[in-house]
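A.B. asks: starting from these lines, generate the structure:
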Amino acid sequence: MKTLLLLFPQFNYMAPKEEPYFKTLGPQDFLPATMKEESSRHKDKERKSRLSLFLTKSGSHENVSPHKKTNTPSRKISAEVALKWSDCFEEVMKDSDGVEVFSQFLKSEFSEENIEFWLACEDYKTVDSETKLLSKAKYIFTVFIESDAPKEVNIDHSTKMAIEQSISQPTMSCFDAAQKKVYSLMQKDSYPRFLHSDIYLNLTQRKGPGAPMSRRRSRSCVFNERGEVTSASSAW
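C.D. replies: Next comes the predicted model:
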């Protein structure tokens, strides 16, 4: 009889009746449904973050920037070169140093996913293998596009759905619409602030927005007070 009591503690009236129950279910089973859902979403997001890190380390996201330089110190950028970036946003994006410095600025604003996505799309357009095209398309979608992606960019629902529908058989242009929207966002929203940031002003050797500069803006690219492009020329 003692043996039976040891093997089946539920017959031991001196032992707590709940003991076998708790051992069977465990603490996670007593969480409310909402907390279980939040825990599941959190684990899913952690999985995507780990996937992003793994793909980056494994080389799937190597050389995503056609402008990429290794350890290019911003202090070597001349004031004249930096001043040229104020002509147009295009002047920043076509210069490898400009892309690097602009990326530093976006990191300070916690929006570096925009430039990283744009560069990933530029790299995607250079792929000449169908196998690599599918692999890179899935990477870009997982990291930047799908809901709760670790570096999700801000694009509209219809654009996101169009990409999702084409991701199984991606084309060279499947990210074009999203890339243009992110580019426009950086140009209209981030770029004007970049021109007034300490990162940029230090390169141009200016102390503040009102300090004099020795360079004129291009006639084709002048920003008004609202950060919009106008066609008129103006001196600084």
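A.B. asks: can you name the residues that contact the nearest residue to L203 once chain neighbours are set aside?
C.D. replies: Excluding its sequence neighbours, the residue lying closest to L203 (CB to CB, 6 or more residues apart in numbering) is A82, at 3.9 Å. (Glycine included, C-beta is placed from N, CA and C.) Shown here is A82, whose contacts under the criterion CB atoms under 8 Å, 6 or more residues apart in numbering are 101, 200, 203-204.
A.B. asks: could you do A137 as well?
C.D. replies: Contacts here follow CB under 8 Å, 6+ apart; on that basis A137 touches 124, 167, 170, 174-175.
A.B. asks: just the element for it, please.
C.D. replies: The secondary structure element spanning A137 is helix 130-140 (assigned by DSSP states H and E).
A.B. asks: ditto for L201
C.D. replies: In the assignment (DSSP H and E), L201 maps to helix 198-203.
A.B. asks: where does the residue nearest to S166 when sequence neighbours are not counted land on pLDDT?
C.D. replies: The spatially closest residue to S166, leaving aside those adjacent along the chain, is C174, at 4.7 Å (CB to CB, 6+ apart). At C174, the predicted lDDT confidence score is 96.
A.B. asks: how about the helices in the chain?
C.D. replies: Taking DSSP state H as the test, the helices found in the chain are 2-7, 19-25, 33-58, 79-84, 89-93, 96-108, 113-124, 130-140, 157-166, 176-185, 191-195, 198-203.
A.B. asks: can you pull the alpha-carbon coordinates of the fourth one into PDB?
C.D. replies: Coordinates of each C-alpha in helix 79-84 appear next as PDB, following Å, rounded to 0.1, in the frame of the first residue of the first chain:
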ATOM      1  CA  ALA A  79      33.600  71.100 -46.800                       C
ATOM      2  CA  GLU A  80      33.300  71.800 -50.500                       C
ATOM      3  CA  VAL A  81      32.100  68.200 -51.200                       C
ATOM      4  CA  ALA A  82      29.700  68.400 -48.300                       C
ATOM      5  CA  LEU A  83      28.300  71.700 -49.500                       C
ATOM      6  CA  LYS A  84      27.500  70.200 -52.800                       C
END
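A.B. asks: now that helix: buried residues?
C.D. replies: Burial within helix 79-84, assessed by neighbour count using 16 or more other CB atoms under 10 Å, is assigned to 82-84.
A.B. asks: show me where pLDDT drops low in the chain?
C.D. replies: Segments of the chain classed as low confidence (criterion: pLDDT under 70) are 1-75, 206-236.
A.B. asks: kindly recompute the last result at 50.
C.D. replies: Counting by pLDDT under 50, the chain contains low-confidence residues at 2-9, 11, 13, 17-25, 51-74, 207-224, 227, 229-236.
A.B. asks: and the helix holding A137, C-alpha only, in CSV?
C.D. replies: Extracted as CSV, the C-alpha positions of helix 130-140 are listed here (Å, rounded to 0.1, in the frame of the first residue of the first chain):
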residue,chain,number,x,y,z
GLU,A,130,17.1,33.5,-60.7
THR,A,131,18.1,31.5,-57.6
LYS,A,132,19.8,34.5,-56.0
LEU,A,133,16.9,36.8,-57.1
LEU,A,134,14.4,34.6,-55.2
SER,A,135,16.7,34.4,-52.2
LYS,A,136,17.2,38.2,-52.0
ALA,A,137,13.6,39.0,-52.7
LYS,A,138,12.5,36.8,-49.7
TYR,A,139,15.2,38.4,-47.6
ILE,A,140,14.0,42.0,-48.4
